[in-house]
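Undergrad: sequence? don't have it. structure:
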């Protein structure tokens with residue numbers, strides 16, 4: 001097999017017993033790096049330290065990634081002005097926290113016969129939040145719900 005030293009230098013091709021003896025002599029481990037190569041490649045290294053450094057790299061990568069949540073805000077067609085302002089404030093807060101917002105309009109009873117009122121309300125919502133967010137998924141009807149997704153700017 002081909003042997004690579006602890007410092008990364010090429011030692012050469014030698015039998016397994018001799019490579020194990022060299023690793024033992026340095027108080028390190030003999031690790032097979034490329035078993036599919038011809039001849040197989042092994043490296044002398046401290047395997048415990050190697051595993052520790054790998055876990056540190058994974059932790060660092062996990063720390064840097066951001067988790068985007070989707071918050072939902074539900075509206076009714078017949079919503080009062082104060083309630084509308086309150087929900088818009090919540091949408092602004094969620095967008096400031098870098099979360100996406102799912103805006104749902106719920107049609108109750110015979111309100112479903114007037115989808116144009118839903119579109120008017122959606123336009124009003126979009127106008128109220130245009131400085132903080134951008135519409136990622138335009139409004140679409142799903143049964144008695146009209147939904148759209150807003151992402152932070």
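TA: Here it is on my side, so go on. The shown structure was predicted, so the numbers you read here are calculated from the model rather than taken from an experiment.
Undergrad: which residue ranges form the helices in the chain?
TA: In the chain, helices defined by DSSP state H lie at 16-25, 47-64, 81-96, 115-129, listed in chain order.
Undergrad: hmm, what's the outermost residue in this structure?
TA: Taking CA atoms, centre = their mean, the residue of the chain most remote from its mean C-alpha position is residue 18, at 47.1 Å.
Undergrad: picking up where we left off before, out of the helices of the chain, flag the one nearest residue 40.
TA: helix 16-25 (9.3 Å; CB to CB). Placement of C-beta: from N, CA and C, glycine included.
Undergrad: tell me, how many neighbours does residue 44 end up with?
TA: Neighbours of residue 44 under the rule other CB atoms under 10 Å: 21.
Undergrad: likewise residue 118?
TA: 20.
Undergrad: Quick one: residues contacting it.
TA: For residue 118, the contacting residues are 77, 105, 107, 139, 146, by CB atoms under 8 Å, 6 or more residues apart in numbering.
Undergrad: With adjacent residues omitted, what lies nearest to residue 111?
TA: Counting by CB to CB, 6 or more residues apart in numbering, residue 111 lies nearest to residue 77, which is 4.9 Å off, once chain neighbours are set aside.
Undergrad: thinking again about what came up before, for ChimeraX, what selects the buried ones among the contacts of residue 118?
TA: Selecting only the buried entries of the contacts of residue 118 in ChimeraX, with 16 or more other CB atoms under 10 Å as the criterion:
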select :77,105,107,139,146
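Undergrad: Kindly reformat the contacts of residue 118 as a markdown table containing distance to residue 55.
TA: Listed next are the contacts of residue 118 as a markdown table, based on distance: CB to CB, whole Å:
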| residue | distance to residue 55 |
| --- | --- |
| 77 | 53 |
| 105 | 47 |
| 107 | 52 |
| 139 | 45 |
| 146 | 47 |
